[in-house]
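Enquirer: how would this look folded up:
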Amino acid sequence: MFQILPIKKVTMLQSLIILISKCTAKKQLWPDYLHKDINKVFGDVRDSKLVNELVEKNEYIIHLASAVGVGQSMYEVEHYTSVNSLGTGVLLQAIVNNKNSVKKLILASSMSVYGEGVLFRQ
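Expert: Numbers count the residues shown, from 1 in each chain. Coordinates of the predicted model:
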């Protein structure tokens, strides 16, 4: 059974990588479908100062941050490992540092973490 969280404010930390978003060097373009009341923060999940500041101000955290692109992760290993592993570590450390303010952490994952896998046919 799902529980509805009593969230009154939403903060979104996004790096707006060009591969995924419509980000340009001149202007950060957030998706049109985002609610106007969302606090939109441009930054990197590996920035411990920024992540600590955001965690301190939020009770519920939904962690979806990752570098995506399974193909690219095969030749940009250091970058993908840094964003996906170190970024999660920075977030978890911020939660430990602010353990009295965080009520719940929801972590979702995708093939960005476990890869596409191999299809075997018999």
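Enquirer: Any idea what Phe42 is bridged to?
Expert: Gln14 (DSSP bridges).
Enquirer: Next, give phi and psi for the closest residue to Asn39 other than its chain neighbours.
Expert: Nearest non-adjacent residue to Asn39, counting by C-beta to C-beta, 6 or more residues apart in numbering: Thr11, 4.2 Å away. Heads up, the C-betas are built off the backbone N, CA and C, glycines and all. Thr11 adopts backbone torsions of phi -120, psi 130, taken as degrees, to the nearest 10.
Enquirer: roughly how far apart are Val51 and Glu78?
Expert: Note on Val51: its distance to Glu78, by C-beta to C-beta, to the nearest Å, is 20 Å.
Enquirer: out of these two, which sits in the busier spot?
Expert: Val51 (26 against 7; other C-beta atoms under 10 Å).
Enquirer: quick check, the more buried one in a strand?
Expert: No - going by DSSP: H, G, I helix; E, B strand; the rest coil, the assignment for Val51 is helix, not a strand.
Enquirer: Tell me who's in contact with the closest residue to it other than its chain neighbours.
Expert: Leaving aside its chain neighbours, Val51 sits nearest to Ala94 (4.7 Å; criterion: C-beta to C-beta, 6+ apart). Residues near Ala94 by C-beta atoms under 8 Å, 6 or more residues apart in numbering: Ser48, Val51, Asn52, Leu54, Val55, Glu56.
Enquirer: quick one on the thing from earlier: okay, the residue nearest to Asn39: pLDDT?
Expert: Per-residue pLDDT puts Thr11 at 81.
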